[in-house]
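[1] Sequence first, then the predicted structure:
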Amino acid sequence: MRQKVLVTGGMGFIGSNFVRYMLKHHPDTDIIVLDKLTYAGNPANLADLEGEFRFVKGDVADPVVVDALVKECDGIVHFAAETHVDRSIDYAGDFVRTDVYGTFVLLEAARKHGVDRFVHISTDEVYGEAVGRPSLETDELAPKSPYAASKAGADRLAFSYHATYGIPAVISRCANNYGPYQYPEKLIPLFVTNALEGKKLPVYGHGRNVRDWIHVDDHCSAVDAMLQDDGHAGETFNVSAGEERSVLEIADIILRTLGLGDDLIEHVADRPGHVMRHAVDAAKLRKTYGWRPSHDFEESMRRTVQWYVEHPEWWGPIRSGEFRDYYEKQYMLAD
Ligand code: NAD
Ligand code: TYD
C-alpha cells in the first residue's frame, strides 16, 4: 500500500475521479493533488471531499514546486496534461510544454528523491490508427495529432527514465473515458449539454470514426492495480473495456436517452488528421492483474447522460465561461 501519493492533474476529469476512487478504496493513503487549474481544472470536481486530501495549485513544469512535493511522496500518478486534440491543432506548443516538458520535470524529481512507484498516464492515441485489430503494447507508435505526439514523447520519456535510471515507472495507455465531471469540450459531455440547451450536435465529417469507450471508474481501478504493484517496472499496459462505438452511435445513445430525435445531428467540417479508429487490446492487463471492467456500457452511458441532466450547476458555469469563446471559435457559430 502506498502511503503518500502525488496525483498530478487531480482537478481534471479522470484525476478527480481517481482521487474520489482512492479516498473510497484506500482511505489510509494520503493524497496530494498538484494541479495548475487550467481551463480544464475545476475545484468543483472535488468540492464535496475538501479536507480529505491536500491541494497544491501549481505547474508540473515548475521544478521548485514539483521537487518539494515529490520529496515527501512515495508514489506518483501523473495525469496532468493538455488533453484536447482540437486545441492541440491550434496550440501545439502548450501540449509540448506541459505533456512532454512537465513529465520531464516530474521524472527528474523522481530520479533525485527516489519513489516506489511512478504511474504514467499515457493514452491509446499514441498508436495512431488501429488498423485491422485493436493495438497491442508492442505495436509501433504513430501518433497523428500534436496531442498524441506530445503524449508519445512523455510515454517514452517515462520508459527511458526506467531504462536509464531505474525509476519504477509503469505506463498506462487507456482508451476514451466517459463518466461524470468531463469538461464539455469532449464528445460525450459536449453532445449531452448541447442537446440539453437545444443546440445541434456537431459531428465531424461522416461520423463513422470509432473510439473504444471505457467508464472512468474502470480506468481508475486499472491505475490502482498498477500503483499497488511492485513489479512490472518499465512495462506498458493497455486499458480497454472492448466497447468500440462510432461517433454516430454515441450520438444516437445520447439522443435516445434524452428522448430527442436525430434532427439535432449536424455534420460539420472534419477534424484535420482525424483518426478513423482508436482501440486497444487489454489482454495483458487482464492477465497480469486479473483486472476486469465492471461497468456495462449501455447502462453506464445512460447513467452518465443522466448525471449531466441532473448537474447543470456543474456544467452551466463552465459553458458560460472560457468555453463559450472556445466553442464559437471551434465551431464558428455565433449562438
Ligand atoms: P482534463 O483535461 O480533464 O484534465 C487535465 C488536468 O490537468 C486539469 O485539471 C488541468 O488543470 C491539469 N493541468 C493541465 N496542465 C497542467 C500543468 N502544466 N500543471 C499542472 N496541472 C495541469 O484531462 P483528462 O481527460 O482527465 O485526462 C487526464 C490524463 O489522462 C491525461 O494525461 C490524458 O492524456 C490521459 N487520458 C485521457 C483519456 C480520456 O478519454 N479523457 C484517455 C486516455 C488517457
Ligand atoms: P474527443 O472527445 O475529442 O476525443 P478524442 O479525439 O481524443 O478521441 O472526440 C471523440 C470522437 O468524436 C472523435 O472521433 C472526434 C469526434 N467529435 C465530433 O465528431 N464532434 C465533436 O464536436 C467532438 C468534440 C468530437
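    All right, it came through fine. Note that the structure is predicted; figures quoted are calculated from it, not measured. Ligands and ions are numbered 1, 2, ... in the order given.

[2] Can you pull the residues of the stretch 1-150 of the chain lying near ligand 1?
    Residues of the stretch 1-150 of the chain lying near ligand 1 by C-beta under 6 Å from any ligand atom: 8-9, 11-15, 34-38, 40-41, 59-61, 79-83, 98, 102, 121, 123. Glycine gets a C-beta too; all of them are placed from N, C-alpha and C.

[3] Drop anything exposed from those residues.
    Buried members of those, scored by 16 or more other C-beta atoms under 10 Å, are 8-9, 11-15, 34-36, 38, 40-41, 59-61, 79-83, 98, 102, 121, 123.

[4] Counting only strands, which of these make the cut?
    If you go by DSSP state E, these have 8, 34-35, 121, 123 in strands.

[5] Look up how far Gly198 lies from the residue of the chain positioned farthest from its centre.
    Farthest-out residue of the chain from its mean C-alpha position, per C-alpha atoms, centre = their mean: Asp263, at 30.4 Å. In this view, Asp263 and Gly198 are 11 Å apart by C-beta to C-beta, to the nearest Å.

[6] cool, Gly132 as well?
    From Gly132 over to Gly198 the distance is 41 Å, taken as C-beta to C-beta.

[7] shaky segments in the stretch 1-150 of the chain?
    For the stretch 1-150 of the chain, residues meeting the criterion pLDDT under 70 lie at 1-2.

[8] How about it: which residue is closest to ligand 2?
    Nearest residue of the stretch 1-150 of the chain to ligand 2 (C-beta to the nearest ligand atom) works out as Val85 at 4.2 Å.

[9] Pretty sure that residue sits against Lys151.
    No. With contact defined as C-beta atoms under 8 Å, Val85 does not reach Lys151; the gap is 10.4 Å.

[10] before we move on, back to that, higher neighbour count, Gly132 and Gly198?
    Taking neighbours as other C-beta atoms under 10 Å, Gly132 and Gly198 compare with Gly198 leading, 9 against 6.

[11] In three-state terms, label that one for me.
    What DSSP: H, G, I helix; E, B strand; the rest coil gives for Gly198 is coil.

[12] now it: how far from Glu249?
    Note on Gly198: its distance to Glu249, by C-beta to C-beta, is 22 Å.

[13] Mind checking which of the residues of the stretch 1-150 of the chain next to ligand 1 land in helices?
    Under the assignment DSSP state H, these contribute 13-15, 102 to helices.

[14] would you turn the residues you listed into TSV with distance to Trp291?
    Shown next, in TSV, are these (distance: C-beta to C-beta, whole Å):
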residue	distance to Trp291
Phe13	21
Ile14	16
Gly15	20
Gly102	28
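
[15] From the residues you listed, pick the one nearest Glu313.
    Among these, Phe13 lies closest to Glu313 (C-beta to C-beta), at 17.2 Å.

[16] if you skip the residues just before and after it, what's nearest to the closest one?
    Nearest residue to Phe13 in three dimensions, chain neighbours excluded: Gln182, at 4.4 Å (C-beta to C-beta, 6 or more residues apart in numbering).

[17] Can you tell me the SS state at that neighbour?
    Per three-state DSSP, Gln182 ends up coil.

[18] So which bits of the longest helix belonging to the chain are buried?
    The longest helix of the chain (DSSP H) is helix 146-165. Of all the residues in helix 146-165, those buried under the rule 16+ other C-beta under 10 Å are 146-159, 161-162.

[19] what packs against that helix?
    Applying 3 or more C-beta pairs under 8 Å, 6 or more residues apart in numbering; DSSP states H and E, we find helix 146-165 packed against helix 85-90, helix 92-95, helix 102-113, strand 117-123, strand 169-174.

[20] who are the neighbours in contact with Leu107?
    With contacts defined as C-beta atoms under 8 Å, 6 or more residues apart in numbering, the neighbours of Leu107 are 118, 157-158, 161, 167, 169.
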